[in-house]
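Undergrad: based on what follows, work out the 3D shape:
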Amino acid sequence: MKPTNNSSKVSNDVKIAALLVATIASFFTPFMGTSVNIALPTIGLDLGADAIVLNWVTNGFLLAAAIFAVPFGRVADIHGMKKIFTYGIIIFTVASLFCALSTSSFTLIASRIMQGIGSAMIFVTGLAIITSVYPPQHRGKAIGINVAAVYVGLSLGPVIGGLMTQYIGWRSLFLLMIPFGLLVLGIVFWKLHDEWAASRGEKFDFVGSILYSVMLLLVMYGFSSLPRLEGWAMLIFGVIGFLAFIKWELRIKNPVFNIRLFKNTSFTFSSMAALINYSATFAVTLLLSFYLQYIKDLDPQTAGMILVAQPIVMAITAPIAGRMSDRFDARLIATAGMATVTLALFTLTFIDGNTPITDIIIGLLVLGLGFGLFSSPNTNVIMGSVERKFYGVASATVSTMRLIGQTMSIGIATLVFALLIGRVQITPSQYPALLESIQLCFVVFTALCFVGVFVSWWRGNSKGYQGEKDGQ
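TA: Numbering: from 1, shown residues only. The predicted structure is shown next:
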């Protein structure tokens, strides 16, 4: 069925307001996720938490965000995008206050899980709202701005987070989120009066949501626990749960996730390409942070200033690439971006103790260029390849691919480190093994992205809005 498109009737004020609130939210939610990582040692000292507990400060947020993304995407399709987005902002803002006031690791982890739930509600609706209010021929540019905000938030988090933690304290990271949240809420109540609920009246799939959540929890937590035996066991049960989820979703009339969307090659291969891209790139910042601070003996602030090269190029390139995907074949642009990322990762496989800092910066600049060329056109294809009634689920798919990819990327790095270094504290005697681990990780990531080039190409010829025009 061909979707109804009323986006051309939306006023410019509403379009600008929708893009503004979605972009602000798309910046501060991933910023929160990565900035906390740099503050974990300080948090551990302040709250008396060990390394395993500190990992849950990050993992709790990522797991909650991933587990609730698809169910809330479906809820938003049924009950309204703006409503779920608003509730998400409120939950995230309140949870940020609770995090800042936490006096124990337990309350901090609980508050971070609450933050993750709010983030899931924000991510799955922000992109869907943009898709709803912008006509197809102008959507790529708006999505490009939104995607740029996500990557800038992910990349600037460790840099700004390190500075704030060092000079103001780790609680300031959470307090910073409160004015952002209040600003977004103010704009929503001031300018966004319409509701977007293309599946209003349909039933919500509770059984499918539970199966999905349990399956994803087992897969993500199991992968992060490799190579331990319980990690493999959870992965096996997660795959069994995935098969049960697919079987259930194909049986019911109103599934939480329409598996039949994957009959659409543009949607399928674009989603796979996104998963591969995040899996191959999210740990780059972590690896280069270790390299710069341990191997090159730089302080955190200097290392952070070097790492900021990539998001600067990404922020400039993403909106331009999104605009180009409105006019030209998005497959060519996204594939060129994936190939550029592959080239950047390949050059980083040769780093050693004598590699000049300028070479690292050049590699990051090329990486940022590839990110920008790939992400916006790829996201535009995903959102433009489904009917309006599935915007929430499609938006949730983008978020889920990102979160699973992030977990897999860190999991790959953790697995390599465990095999080559072992679970020991990194000291100068471990530096040769650390360097070897970093090099091997870049080899694995390069191979992943090389496969991603072909996945991106195989999706077929399409502008970002082609699927919507064809009506599926």
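
Undergrad: chain neighbours aside, what residue packs nearest to Ile246?
TA: Ile259 (5.8 Å; C-beta to C-beta, 6 or more residues apart in numbering). The C-beta positions use only the backbone N, C-alpha and C, and glycine is treated the same way.

Undergrad: if I pick that neighbour, what's in contact with it?
TA: Ile259 makes contact with Ile246, Glu249, Leu250, according to C-beta atoms under 8 Å, 6 or more residues apart in numbering.

Undergrad: can you flag the buried ones in those?
TA: Ile246, Glu249 (16 or more other C-beta atoms under 10 Å).

Undergrad: among the contacts of Ile259, which one lies nearest to Leu298?
TA: Ile246 (47.5 Å; C-beta to C-beta).

Undergrad: how about low-confidence regions in the protein?
TA: Residues of the chain that meet the criterion pLDDT under 70 lie in 1-10, 50-52, 55, 193-199, 224, 300, 423-426, 460-472.

Undergrad: apply 50 and report the result again.
TA: Applying pLDDT under 50 to the chain picks out residues 1-5, 463-472.

Undergrad: burial measure for the nearest residue to Glu230 once chain neighbours are set aside, as a count.
TA: Once flanking residues are discounted, Glu230 sits nearest to Gly222: 7.6 Å by C-beta to C-beta, 6+ apart. Using other C-beta atoms under 10 Å, Gly222 has 21 neighbouring residues.

Undergrad: same check on Ser104?
TA: The burial count for Ser104: 11, using other C-beta under 10 Å.

Undergrad: centre of the chain versus the helix or strand encompassing Gly118, how much separation?
TA: In the assignment (DSSP states H and E), Gly118 maps to helix 105-133. Counting by C-alpha atoms, centre = their mean, to the nearest Å, helix 105-133 is centred 11 Å from the centre of its parent chain.

Undergrad: got it, and stretch 75-85?
TA: Averaging C-alpha positions (C-alpha atoms, centre = their mean) puts stretch 75-85 20 Å from its chain's average.

Undergrad: between the two ends of that stretch, what distance do you get?
TA: 11 Å (C-alpha to C-alpha, to the nearest Å).

Undergrad: check contacts around the residue nearest the centre of the chain.
TA: The C-alpha lying nearest the average C-alpha coordinate of the chain belongs to Arg402 (C-alpha atoms, centre = their mean; 3.6 Å). By C-beta under 8 Å, 6+ apart, the residues touching Arg402 are Val150, Ala274, Tyr278.

Undergrad: go through the chain and flag its longest helix.
TA: Looking across the chain with DSSP state H, the single longest helix is helix 12-47.

Undergrad: what's the following helix or strand after it?
TA: Next along from helix 12-47, by DSSP H and E: helix 51-79.

Undergrad: enumerate the positions of that following helix that are buried.
TA: 53-54, 56-79.

Undergrad: repeat for stretch 29-49
TA: 29-40, 43-44, 46-47, 49.

Undergrad: likewise for stretch 289-302?
TA: Ser289, Phe290, Tyr291, Leu292, Gln293, Tyr294, Ile295, Lys296, Leu298, Pro300.

Undergrad: which of the residues you listed sit farthest apart?
TA: Most distant of those, by C-beta to C-beta, are Ile295 and Pro300, 14.3 Å apart.

Undergrad: if we can go back for a sec, what residues sit buried inside the helix holding Gly118?
TA: 105, 108-133.

Undergrad: and if you look at stretch 412-419?
TA: The neighbour-count check on stretch 412-419 (16+ other C-beta under 10 Å) flags Ile412, Ala413, Thr414, Leu415, Val416, Phe417 as buried.

Undergrad: just these: which are in strands?
TA: Judged by DSSP state E, strands contain none of the buried residues of stretch 412-419.

Undergrad: from those residues, which is closest to Ile362?
TA: Closest to Ile362, out of all of these and judged by C-beta to C-beta, is Ala413, at 22.4 Å.

Undergrad: next one: that closest one from Thr446, what distance?
TA: Counting by C-beta to C-beta, to the nearest Å, the gap from Ala413 to Thr446 is 14 Å.

Undergrad: and Lys263, how many residues sit next to it?
TA: 10.

Undergrad: repeat that for Gly201.
TA: 7.

Undergrad: quick one: residues contacting it.
TA: With C-beta under 8 Å, 6+ apart, Gly201 has these contacts: Ile78.

Undergrad: for it, grab phi and psi.
TA: Backbone torsions for Gly201, taken as degrees, to the nearest 10, come to phi 100, psi -20.

Undergrad: assign a three-state SS to Arg459, would you?
TA: coil (DSSP: H, G, I helix; E, B strand; the rest coil).

Undergrad: find the nearest non-adjacent residue to it, please.
TA: Here the residue nearest Arg459, using C-beta to C-beta, 6+ apart, is Phe269, at 3.6 Å.

Undergrad: coming back round to it: need the buried residues of stretch 412-419 in a markdown table (columns: distance to Ala142).
TA: Formatted as a markdown table, the buried residues of stretch 412-419 follow (distance: C-beta to C-beta, whole Å):
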| residue | distance to Ala142 |
| --- | --- |
| Ile412 | 33 |
| Ala413 | 33 |
| Thr414 | 36 |
| Leu415 | 38 |
| Val416 | 38 |
| Phe417 | 39 |
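
Undergrad: name the nearest of those relative to Ala334.
TA: Ile412 (22.6 Å).

Undergrad: roughly how far apart are that closest one and Trp56?
TA: Separation of Ile412 from Trp56 (C-beta to C-beta) stands at 20 Å.

Undergrad: got it, and Leu108?
TA: 9 Å.

Undergrad: and what of Ile404?
TA: Distance check for Ile404 against Trp56: by C-beta to C-beta, it reads 18 Å.

Undergrad: sorry, back to before: turn the contacts of Ile259 into CSV, columns for distance to Asp205 and secondary structure.
TA: What follows is the contacts of Ile259, written out as CSV (distance: C-beta to C-beta, whole Å; DSSP: H, G, I helix; E, B strand; the rest coil):
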residue, distance to Asp205, secondary structure
Ile246, 13, helix
Glu249, 8, helix
Leu250, 12, coil
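
Undergrad: so how far is the helix or strand encompassing Val398 from its chain's centroid?
TA: Using DSSP H and E, Val398 maps to helix 391-420. Relative to its chain's centre, helix 391-420 lies at 8 Å (C-alpha atoms, centre = their mean).

Undergrad: likewise for stretch 248-265?
TA: 23 Å.

Undergrad: I appreciate the help and will end here.
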